[in-house]
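In: let me see the structure of the following:
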Amino acid sequence: MDESSASGRMNHYEKGRHVPDIETLRKIAQELNVPLNYFLCEDDLSAELACLISRLDDNSKKVLITELEKLEDLDLEKIVEQREGSPEIAMDIKDL
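Out: Residues are numbered from 1 along each chain as shown. As a prediction, the model looks like this:
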């Protein structure tokens, strides 16, 4: 990106007048030291997670995936347990 036009172009992006193409987003992400998906996060927590995850090595990412899957399974089990008092709801959940 030409330095003389960079400031004006960034201003247009910030104000929503223009949307950067994917290659421009890659360059901005690289310059800011954030992952590309950082720009697509819908909230600050997701953006923070994206940054933290991007710094992990592949083995650590696999461990994290396993741990997140365990959390997801626990959450589903809690929902089933809480709804066991209501037979029609419990039956629907167990059918999933």
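
In: how about the strands of this structure, start to end?
Out: Assigned by DSSP state E, the chain shows no strands.

In: which parts of it are helices?
Out: 3-15, 22-32, 44-54, 58-83, 87-94 (DSSP state H).

In: so which of these is nearest Tyr38?
Out: Closest to Tyr38 of these is helix 44-54 (CB to CB; 5.0 Å). From N, CA and C alone the C-beta is placed, and that goes for glycine too.

In: and stretch 44-55, which residues are buried?
Out: Across stretch 44-55, burial judged by 16 or more other CB atoms under 10 Å covers Ala47, Ala50, Cys51.

In: mind listing what the closest residue to the last one other than its chain neighbours touches?
Out: Translated: Cys51. In this structure, Cys51 finds its nearest non-sequential neighbour in Val34, 5.7 Å apart by CB to CB, 6 or more residues apart in numbering. Residues counted as contacts of Val34 (CB atoms under 8 Å, 6 or more residues apart in numbering) are Ala50, Cys51, Ser54.

In: before we move on, the earlier item: need the helices of the chain in CSV with distance to Tyr38 and mean pLDDT, can you?
Out: Shown next, in CSV, are the helices of the chain (distance: least, CB to CB, whole Å; pLDDT from 0 to 100):
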stretch, distance to Tyr38, mean pLDDT
helix 3-15, 14, 71
helix 22-32, 6, 94
helix 44-54, 5, 97
helix 58-83, 16, 84
helix 87-94, 35, 54
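
In: domain ranges for this protein, per the record?
Out: Structural domains annotated on the chain: 1-55, 57-96, as defined by automatic domain parsing.

In: for stretch 23-39, list every residue counted as buried.
Out: Leu25, Ile28, Ala29, Val34, Pro35, Asn37, Tyr38, Phe39.

In: first to last residue in it, what's the distance?
Out: Terminal residues of stretch 23-39 lie 13 Å apart, using CA to CA, to the nearest Å.
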